[in-house]
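Chemist: A predicted structure for the sequence below; I have some questions about it.
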Amino acid sequence: MLSGLRENIEVIGMMKTKILLVDDDPNIRQLLNLYLTKEGFQVEMAERGDEALKKVLASPPNLMLLDVMLPGMDGW
């Protein structure tokens with residue numbers, strides 16, 4: 001399922017590619033986390049836009065999957 005995505009994202013050195021997953025729906029977060037972790041990605045999760053922004057500033061991800069309709073600070 002994710003093999004095409006995996007081929008298009010390079011792992012730098014021995015570090016895993018870090019993905020920040022931002023969604024207010026816990027079921028979506030857990031499902032995507034399961035799939036991405038199984039494919040070998042390092043996954044961080046955030047429930048809100050402000051939480052995601054703090055994580056990005058502290059340690060920028062290689063990729064961010066972002067729900068644009070979040071409560072409070074949205075993904076736009």
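Modeler: Arrived safely, thanks for sending. Residues are numbered from 1 along each chain as shown.

Chemist: other SSEs contacting the helix or strand harbouring Arg29?
Modeler: Applying DSSP states H and E as the criterion places Arg29 in helix 26-38. Packing contacts for helix 26-38, counted by 3 or more CB pairs under 8 Å, 6 or more residues apart in numbering; DSSP states H and E, involve strand 18-22, strand 42-46. C-beta here means a position set from N, CA and C on the backbone, and glycine is covered the same way.

Chemist: what's the model's confidence in that helix, averaged?
Modeler: Per-residue pLDDT over helix 26-38 has a mean of 97.

Chemist: Measure how that helix sits relative to strand 18-22, angle-wise.
Modeler: Interaxial angle of helix 26-38 relative to strand 18-22 (axes from the mean of the first three to the mean of the last three CA atoms, to 10 degrees): 170 degrees.

Chemist: CA atoms only: put helix 26-38 into CSV for me.
Modeler: Extracted in CSV, the C-alpha atoms of helix 26-38 (Å, rounded to 0.1, in the frame of the first residue of the first chain):
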residue,chain,number,x,y,z
PRO,A,26,-8.0,9.7,17.2
ASN,A,27,-9.1,6.8,15.0
ILE,A,28,-7.5,8.2,11.9
ARG,A,29,-4.3,9.1,13.8
GLN,A,30,-4.0,5.5,15.2
LEU,A,31,-4.8,3.8,11.9
LEU,A,32,-2.3,5.9,9.9
ASN,A,33,0.3,5.5,12.7
LEU,A,34,-0.1,1.7,12.5
TYR,A,35,0.4,1.7,8.7
LEU,A,36,3.3,4.2,8.7
THR,A,37,5.1,2.6,11.6
LYS,A,38,4.8,-0.8,9.9
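
Chemist: Skipping adjacent residues, who's closest to Ser59 in space?
Modeler: Lys18 (7.6 Å; CB to CB, 6 or more residues apart in numbering).

Chemist: Burial check on the one you found, number of neighbours?
Modeler: 16 (other CB atoms under 10 Å).
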